[in-house]
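Asker: structure of the sequence below:
(4 chains)
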There are 2 protein chains.
Amino acid sequence: MNFVADSTKKSRVRGRPRRFDPEQAVAVARELFHARGYDAVSVSDVTDALGINPPSFYAAFGSKQGLYARVLEQYAVDGAIPYADILREDRSVAESLAILLEEAARHYGTNPAAAGCLVVEGTRCNDVGARDAALAYNIAAETQIRDYVAMRHPEAAASVTDFVATTMFGLSSKARNGHSLDQLLASARMAGSAIEFVLRE
Amino acid sequence: MNFVADSTKKSRVRGRPRRFDPEQAVAVARELFHARGYDAVSVSDVTDALGINPPSFYAAFGSKQGLYARVLEQYAVDGAIPYADILREDRSVAESLAILLEEAARHYGTNPAAAGCLVVEGTRCNDVGARDAALAYNIAAETQIRDYVAMRHPEAAASVTDFVATTMFGLSSKARNGHSLDQLLASARMAGSAIEFVLRE
DNA sequence: GCGTTAATTTAGGAGGCGCTACATAATTCT
DNA sequence: AGAATTATGTAGCGCCTCCTAAATTAACGC
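Answerer: Predicted coordinates:
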């Protein structure tokens, strides 16, 4: 039984074949982690959802943290905000950041079954390893923002980035606490206006 | 029920006397909960810190949630932001809210061993009962803000309150994630300027 | 001293957690 | 066909969680 949508993955390996697709399993786990947070999802929640037994899980992912690392990886590829596309040089820094915050609101508030940001929420969990893994992605994102702002507003880069990050954390929290997409968008726009004020020429 | 701050702690009661002061125990638990969050503090963490055994704990507080309710109560009395003092009628709404946010930054960032807001962080925990208990205090605070704004800016009350709350959640998160007091204050002031802009006459 | 009351200590139950030892099944290579 | 390899299912380990039953101790009123 081959599961991969294949056409490329025919390199049969020795031994008994897997009965599940790890990448698809990561997607299922990602939904669980996004919906409930790292701490609130147990390994047996995941194995139950996948219809597999613990040994299969540990053979494939090594540990709960190992799975989470894979989830973050996948999220960065097709779930996270496309910073590079938003932080463009052909518009003002303030405009880009306002769009970024609106995009964050949309990402966090569109799907009530996965409210908030997987990475942001991950930085707040109670497992040191998982937290640090999420933090690495968070720091990378904030660095990207800071570098972008610094190109044209070096003196304001640090404080503006802190404000943007603080707002994103607030939006993620409030998304998880029930704020609607409209509420999140309104808050994001308000924060955007503050940035415009600070970065006015 | 002795041990109340009754200076004449003489109201003896029948039965074996307690070896610990419940109110002081709540204060110790409050430090733990504030430092690590509800989920990350176990009952045995608390009993160890107090030097008592579980039955004494459960006789006094009923449950972990029962203790947490007492902690929130105490925090509301002498730990939380004094909303009533800040939301005054003799200054502009925008000014009051800016001061409120600065005060939040100070509350969240002054003590690194108790970063963030106990109530705000409580609304994000994984225990339904504790979360709802914290949420009640959070809702009360936001209602107070909304009512205050509505007195002079009824049309903006909802969105401005959402923005203030979102900012406070962001500040609390970032305080816990290591932002310094100065960073928090700068972000709070930036948010304050957005409010001033929105509520300009 | 005696009975009542209430907090204490000791000991542990029920259940969940992340994780694994072990034997077995399914596949490929020789 | 048989060896090698790898995933599987069963079963459960060790630890931690919140919480409690039972016996004991320290105060009271009489």
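Asker: so what's the residue count around the residue lying closest to residue A:157 once chain neighbours are set aside?
Answerer: When the adjacent residues along the chain are set aside, residue A:157 lies closest to residue A:150, with 3.8 Å between them (CB to CB, 6 or more residues apart in numbering or on different chains). Yep, even glycine has a C-beta here, placed from its N, CA and C like the rest. Using other CB atoms under 10 Å in any protein chain shown, residue A:150 is surrounded by 16 other residues.
Asker: pLDDT value on residue A:150, please?
Answerer: You'll see residue A:150 listed with a pLDDT of 98.
Asker: and what about it, helix, strand or coil?
Answerer: Here residue A:150 is recorded as helix under DSSP: H, G, I helix; E, B strand; the rest coil.
Asker: does it touch residue A:160 like I think?
Answerer: No: distance between residue A:150 and residue A:160: 9.5 Å, which falls outside the contact criterion (CB atoms under 8 Å).
Asker: ok, the closest residue to chain B within chain A - how many residues close by?
Answerer: Each residue of chain A has a distance to chain B, by CB to the nearest CB, and the smallest belongs to residue A:170, at 2.8 Å. Residues contacting residue A:170 under the criterion other CB under 10 Å number 32.
Asker: any idea how far residue A:63 is from the residue nearest to residue A:157?
Answerer: Separation of residue A:150 from residue A:63 (CB to CB, to the nearest Å): 38 Å.
Asker: how much space separates the residue of chain A closest to chain B from residue A:179?
Answerer: Taking CB to CB as the criterion, residue A:170 is separated from residue A:179 by 10 Å.
Asker: residue A:77: how many residues sit nearby?
Answerer: If you count neighbours by other CB under 10 Å, residue A:77 ends up with 8.
Asker: now it: which helix or strand?
Answerer: With secondary structure defined by DSSP states H and E, residue A:77 is part of helix A:64-78.
Asker: what does that helix contact?
Answerer: In this structure, residues lying in contact with helix A:64-78 by CB atoms under 8 Å, 6 or more residues apart in numbering or on different chains are A:22-23, A:26-27, A:29-30, A:33-34, A:38, A:43, A:46, A:57, A:61, A:118-119, A:122, A:127, A:129-130, A:133-134, A:137.
Asker: try 6 Å this time
Answerer: Residues outside helix A:64-78 that contact it (CB atoms under 6 Å, 6 or more residues apart in numbering or on different chains): A:26, A:29, A:30, A:33, A:43, A:61, A:118, A:129, A:130, A:133, A:137.
Asker: okay, the angle between the helix or strand where the second one lies and helix A:64-78?
Answerer: To tie it back to what came earlier, the one meant is residue A:29. Assigned by DSSP H and E, residue A:29 belongs to helix A:22-36. Relative orientation of helix A:22-36 with respect to helix A:64-78: 90 degrees, computed using axes from the mean of the first three to the mean of the last three CA atoms, to 10 degrees.
Asker: for the helix or strand following helix A:22-36, packing partners?
Answerer: Where DSSP H and E defines the elements, the next helix or strand beyond helix A:22-36 is helix A:43-50. Counting contacts by 3 or more CB pairs under 6 Å, 6 or more residues apart in numbering or on different chains; DSSP states H and E, helix A:43-50 is packed against helix A:22-36.
Asker: check whether the helix holding residue A:77 comes near DNA strand D.
Answerer: No: with CB under 7 Å from any atom of the strand as the criterion, DNA strand D is not reached by helix A:64-78; the gap is at least 12.4 Å.
Asker: residue A:186 and residue B:160 touch, don't they?
Answerer: No: the criterion here is CB atoms under 6 Å, and residue A:186 misses it with residue B:160 at 9.3 Å.
Asker: which one of these two has more residues nearby?
Answerer: Summary of the neighbour comparison: residue A:186 and residue B:160, criterion other CB under 10 Å, with residue B:160 having more neighbours (26 against 19).
Asker: so residue A:135 versus DNA strand C, what's the distance?
Answerer: Here the distance between residue A:135 and DNA strand C works out to 19 Å (CB to the nearest atom of the strand, to the nearest Å).
Asker: excluding its backbone neighbours, what's nearest that residue?
Answerer: Taking CB to CB, 6+ apart, and ignoring the residues beside it in sequence, residue A:135 has residue A:123 as its nearest neighbour in space, at 4.9 Å.
Asker: how many residues are close by the one you found?
Answerer: Residue A:123 - counted by other CB under 10 Å - has 23 other residues nearby.
Asker: and it, what does it touch?
Answerer: Shown in contact with residue A:123 (CB under 6 Å, 6+ apart): A:131, A:134, A:135, A:138.
Asker: where does residue A:185 fall, secondary structure wise?
Answerer: If you go by DSSP H and E, residue A:185 is part of helix A:181-198.
Asker: report the separation between the residue nearest to residue A:135 and residue A:19.
Answerer: The spacing between residue A:123 and residue A:19, counted by CB to CB, is 34 Å.
Asker: near chain B at all, the helix holding residue A:185?
Answerer: Yes: Helix A:181-198 comes into contact with chain B when judged by CB under 6 Å from any CB of the partner chain, the residues involved being A:183, A:186, A:187, A:190, A:193, A:194, A:197.
Asker: check the gap between the third one and residue A:24 for me.
Answerer: To residue A:24, residue A:187 is 35 Å away according to CB to CB.
Asker: more neighbours: which of the two?
Answerer: More crowded of residue A:187 and residue A:24, by other CB under 10 Å: residue A:187, with 29 against 13.
Asker: so what's the more buried one up against?
Answerer: Residue A:187 makes contact with B:162, B:163, B:166 under the criterion CB under 6 Å, 6+ apart.
Asker: next one: the nearest residue to residue A:152 once chain neighbours are set aside from residue B:139, what distance?
Answerer: For residue A:152, ignoring the flanking residues on the chain, the nearest one in space by CB to CB, 6+ apart is residue A:93 at 5.3 Å. Distance check for residue A:93 against residue B:139: by CB to CB, it reads 36 Å.
Asker: what's the most distant pair in the residues of helix A:181-198 next to chain B?
Answerer: A:183 and A:197 (21.8 Å; CB to CB).
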